[in-house]
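> what shape does this take:
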Amino acid sequence: MTAWLTEAVPRGRIAAFRTLVYLFVAADLVIFTPWVRTRVDVPGDLYQPLLVGRLLPLPTPTPALVGVVFWALLVTALLAATGRAHRLLGWTVFALYFEWMIVAMSYGKVDHDRFAFLVALAVLPTAGRARHGDPTRTEAGGWALRVTQISVICTYFLAAWAKFRFGGLDWANGSVLARAIIRRGTDLADLIAQVPHLLIVAQFGILAFELLSPLVFVLPSRWRTMTVGFFYSFHLVTVATITISFAPHLVAMTSFLALEKVRPVVFVRRLLGRPPPGAPTSPVPASPAAAPVSPAPAPGPSPTANA
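This next block holds a predicted model:
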């Protein structure tokens with residue numbers, strides 16, 4: 001079990017995952033959750049912190065507090081994406097983003113697509129130093145990725161458990177997807193909804209998919225990659241039909257992928273005709289004119305002279 005939890009991975013994979021995660025934090029602040037800053041415009045008594053917010057305890061959000069968290073998190077996330085000071089910046093990003101999520105989710109709505117992403121932020125500072133393209137393997141980095149993978153699958157499996165807990169089989173037999181399509185469906189969803197019984201079949205399929213998701217850990221490597229591709233396709237269909245993105249969850253799910261093979265900087269340098277960093281340069285051949293000329297041998301005696 002310990003060997004499975006700490007299965008070594010290339011350091012280049014950790015470096016790529018670290019950069020992707022921290023860049024998403026910056027994008028999340030300005031694209032996906034900028035509305036968190038508006039939470040301070042409502043009366044403070046509407047702030048009902050989550051259990052962890054009550055246990056710490058964390059202060060009631062104010063414009064000054066949220067503003068400081070926003071700018072500090074934006075700057076530290078961009079710095080952490082470089083891989084420098086991975087422990088100091090990593091723990092700082094985790095603490096600030098954790099507070100950002102407490103503010104976001106303490107007004108009546110909790111999104112479960114943040115769970116695996118928060119786990120990734122919590123374990124990345126423990127993954128050790130890593131450089132892009134480094135093939136050296138690390139068990140600490142393998143543990144960080146494995147814990148993130150487990151949290152990704154727990155998101156699916158526990159979602160199925162919650163459906164059974166609160167709805168039972170009526171969740172699959174009911175009109176869950178129909179209501180979602182009415183509220184926020186797209187034109188594609190409207191076309192799908194016209195097919196008789198298709199939404200009911202889809203609801204049973206979602207339950208089966210979530211319950212069977214832990215099997216991804218026992219599949220061979222090739223089938224595991226294909227299964228993760230199916231996970232992504234499921235979310236693509238979700239976005240295309242009911243506009244729910246699960247963006248942070250999708251970022252955490254890249255922990256299953258061989259990210260060390262994706263090196264955009266090297267790709268751009270090759271497009272520009274420049275060698276990638278660390279590539280050996282071929283020596284410039286010497287000019288023929290510069291080549292040393294060996295002296296001609298002295299002429300020997302003529303054969304006829306000895307005759």
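
> contacts, neighbours, all on C-alpha from now
Fine.

> tell me, how many residues neighbour R165?
Here the number of neighbours of R165 (other CA atoms under 10 Å) works out to 11.

> that one: which element?
Under DSSP states H and E, the secondary-structure element containing R165 is helix 139-166.

> what are the buried residues along that helix?
Residues of helix 139-166 classed as buried by neighbour count (16 or more other CA atoms under 10 Å): 139-157, 159-160.

> what's downstream of that helix, the next helix or strand?
Once the chain leaves helix 139-166, the next helix or strand it forms, by DSSP H and E, is helix 170-173.

> who's in contact with the residue nearest to S151 when sequence neighbours are not counted?
In space, not counting the residues next to it along the chain, S151 is nearest to A116; the distance is 4.9 Å by CA to CA, 6 or more residues apart in numbering. When contacts are counted by CA atoms under 8 Å, 6 or more residues apart in numbering, A116 is found next to T148, Q149, S151, V152, T155, P248, H249, A252.

> which two from the residues you listed end up farthest apart in space?
Between all members of the contacts of A116, the longest pairwise span (CA to CA) is found for Q149 and P248 and amounts to 13.3 Å.

> the helix holding R165 packs against which elements?
Identification of packing neighbours for helix 139-166 by 3 or more CA pairs under 8 Å, 6 or more residues apart in numbering; DSSP states H and E yields helix 2-5, strand 9-10, helix 11-27, helix 115-123, helix 198-212, helix 247-253.

> of the ones you listed, which approaches T241 most closely?
Of all the helices and strands packed on helix 139-166, helix 198-212 comes closest under CA to CA, at 11.8 Å.

> and that closest one with helix 139-166, angle?
130 degrees (axes from the mean of the first three to the mean of the last three CA atoms, to 10 degrees).

> and helix 198-212, how far from the chain's centre?
Averaging C-alpha positions (CA atoms, centre = their mean, to the nearest Å) puts helix 198-212 25 Å from its chain's average.

> what does stretch 73-85 give?
Shown here is stretch 73-85, whose average C-alpha point lies 16 Å from the average C-alpha point of the whole chain (CA atoms, centre = their mean).

> buried stuff in that stretch?
L73, L74, T76, A77, L78, L79, A80, A81, T82, G83.

> what does it contact?
The list of residues contacting stretch 73-85 from outside it, by CA under 8 Å, 6+ apart, reads 15, 18-23, 25-26, 29, 86, 89-90, 92-93, 96-97, 129-131.

> can you give me the neighbour number for the residue nearest to P34 when sequence neighbours are not counted?
Counting by CA to CA, 6+ apart, P34 lies nearest to D28, which is 7.6 Å off, once chain neighbours are set aside. As a burial measure, the neighbour count of D28 was computed by other CA under 10 Å and equals 15.

> swap in H132?
Applying other CA under 10 Å, I find that H132 has 21 neighbouring residues.

> please look at it and P10 and confirm they touch.
No. Taking contact to mean CA atoms under 8 Å, the distance of 9.6 Å between H132 and P10 leaves them out of contact.

> which neighbours do these two have in common?
Contact with both H132 and P10 is made by residues E260, according to CA under 8 Å, 6+ apart.

> which residues of this structure score low on pLDDT?
Low-confidence segments of the chain, defined by pLDDT under 70, span residues 264-265, 267-269, 271, 275-307.

> centroid-nearest residue for it?
Nearest to the mean C-alpha position of the chain, by CA atoms, centre = their mean, lies V251 at 2.6 Å.

> picking up where we left off before, now tabulate the buried residues of stretch 73-85 in TSV and tack on distance to I242.
Putting those into TSV (distance: CA to CA, whole Å) gives the following:
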residue	distance to I242
L73	30
L74	30
T76	34
A77	30
L78	32
L79	35
A80	34
A81	32
T82	35
G83	36
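
> which of these fall in helices?
Using DSSP state H, the members of the buried residues of stretch 73-85 that fall in helices are L73, L74, T76, A77, L78, L79, A80.
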